[in-house]
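what follows is a predicted structure for the sequence shown.
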Amino acid sequence: MKAQTFFARHPFFRRDELVAAYEAVGSSATSAKRALDYDAKTGVLLNVRQGVYMVNGPAFDAWLLPAKLHPEAVLAYDGAALMHGLAELDHSVSDLAPRYVRPLWLGEVAFRSVVEPETGDVVSRMGFVKNLVRDGHEVAVTTLERTIVDCFDDLDRAPPLEGLFDSLLARATLDVEAVAREALQRAGPAGCARVGLLLASRPERSEVRGQLAELERRSPRETTYATRDRAPGGYYARRWHLQVPRAMSMQLRMAD
C-alpha cells in the first residue's frame with residue numbers, strides 16, 4: 001500500500017487507522033509505522049498530538065480533527081455553525097466529548113472540547129446529533145436547532161453573533177418551533193432573550209407566539225448585551241432587555 005494514497009483521503013488520522021489500512025491490504029504494521037515515522041521526520045506529516053497526525057499541505061479541514069482527538073466527539077458551537085453553513089472558520093473549533101480532552105492549538109485555531117457525557121451514549125445522542133457528509137467525510141454534528149441555542153447561550157464558544165443573525169435571518173426556512181423548544185429546555189436568561197430576539201424577527205414569528213411569551217418571561221430582568229460588542233449606542237430591545245449593536249439592529253424587526 002502507498003502511504004500517499006492514504007494521506008490523500010485522510011488529512012487527519014490516528015496511527016491505528018494507518019496501521020489498520022496497511023493490514024487490510026496484507027501489509028504489516030511494521031511497514032505502516034516505518035512509513036509514518038519517515039513521513040513525520042521529512043515534514044510530510046505533522047504530529048499534532050500523540051498518535052494523531054495531520055498531512056502538511058495547503059488544505060486545512062479543521063472540522064475533521066475533533067473526531068481524531070476523541071472518537072465520540074461531536075462538533076458543536078462554532079464547529080457546528082461551520083458545518084451547518086452559518087459561519088466561516090475563525091479562531092476556534094468546539095466540540096462535545098464524553099470526557100475531558102485537553103485543548104489543542106494549531107496555528108491560530110484553538111480546538112476546545114466541552115464535556116457532555118451523553119455523547120458517549122448511542123441512544124442519548126440520537127436526540128441532538130446528526131451525521132453530515134462533507135467532501136466525502138461523515139462528521140457528527142449537533143443539530144441545527146441545538147447549534148443555534150448553544151451559540152446564542154454561550155458567546156465565548158460561538159462565532160460572532162452578528163454574522164449568525166445575518167445567516168439565520170436570510171435562511172429561507174427555519175423550524176422556529178424546534179428552536180424555541182430547544183431554547184426553553186437548555187438556555188439561560190441571556191440565551192432565551194437572544195433566541196427570542198431572533199425568532200421575533202423571523203417571518204414565521206406568528207407560529208411561536210406562545211413560546212416567544214415564555215422566552216420573554218425567562219429573559220434577564222436587567223439590560224444584557226446581545227453580542228460581545230460593548231460599543232455605546234445601538235438599539236435597545238425593550239422586550240428582551242438587550243442592547244443590540246447599531247449595525248445588527250438594522251437586520252431586526254423593530255417592533256417589541
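Perfect, thanks for sending it. Residues are numbered from 1 along each chain as shown.

C-alpha from now on. contacts and neighbour counts both.
OK.

any regions of the stretch 101-250 of the chain where pLDDT drops low?
Residues of the stretch 101-250 of the chain meeting the criterion pLDDT under 70: none.

could I get the full set of helices for it?
122-125, 144-153, 161-170, 176-186, 189-199, 209-218, 246-249 (DSSP state H, counting those that start in this stretch).

how distant is the last one from the center of its chain?
Between the mean C-alpha location of helix 246-249 and the chain-wide mean there is a distance of 24 Å, by C-alpha atoms, centre = their mean, to the nearest Å.

please apply the same query to the fourth one.
The gap between the average C-alpha position of helix 176-186 and the chain average comes to 18 Å, counting by C-alpha atoms, centre = their mean.

still on that earlier bit, for residue 99, find the nearest of the helices of the stretch 101-250 of the chain.
Nearest to residue 99 among those is helix 122-125; the distance by C-alpha to C-alpha comes to 14.4 Å.

picking up where we left off before, would you turn the helices of the stretch 101-250 of the chain into TSV with distance to residue 106 and mean neighbour count?
Formatted as TSV, the helices of the stretch 101-250 of the chain follow (distance: least, C-alpha to C-alpha, whole Å; neighbours: other C-alpha atoms under 10 Å):
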stretch	distance to residue 106	mean neighbour count
helix 122-125	28	12
helix 144-153	22	24
helix 161-170	24	17
helix 176-186	31	19
helix 189-199	30	26
helix 209-218	39	18
helix 246-249	31	14
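
switch those over to CSV; also include distance to residue 24.
Converted to CSV, the helices of the stretch 101-250 of the chain look like this (distance: least, C-alpha to C-alpha, whole Å):
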stretch, distance to residue 24
helix 122-125, 27
helix 144-153, 37
helix 161-170, 44
helix 176-186, 44
helix 189-199, 49
helix 209-218, 54
helix 246-249, 54
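
of those helices, which is nearest residue 16?
When those are compared (using C-alpha to C-alpha), the closest one is helix 122-125, at 22.9 Å.

quick one: pLDDT of residue 2?
Each residue has a pLDDT score; the one for residue 2 is 74.

now it: how far from residue 26?
Counting by C-alpha to C-alpha, to the nearest Å, the separation of residue 2 from residue 26 is 12 Å.

equivalent analysis for residue 180, please.
As for residue 180, its distance to residue 26 is 53 Å (criterion: C-alpha to C-alpha).
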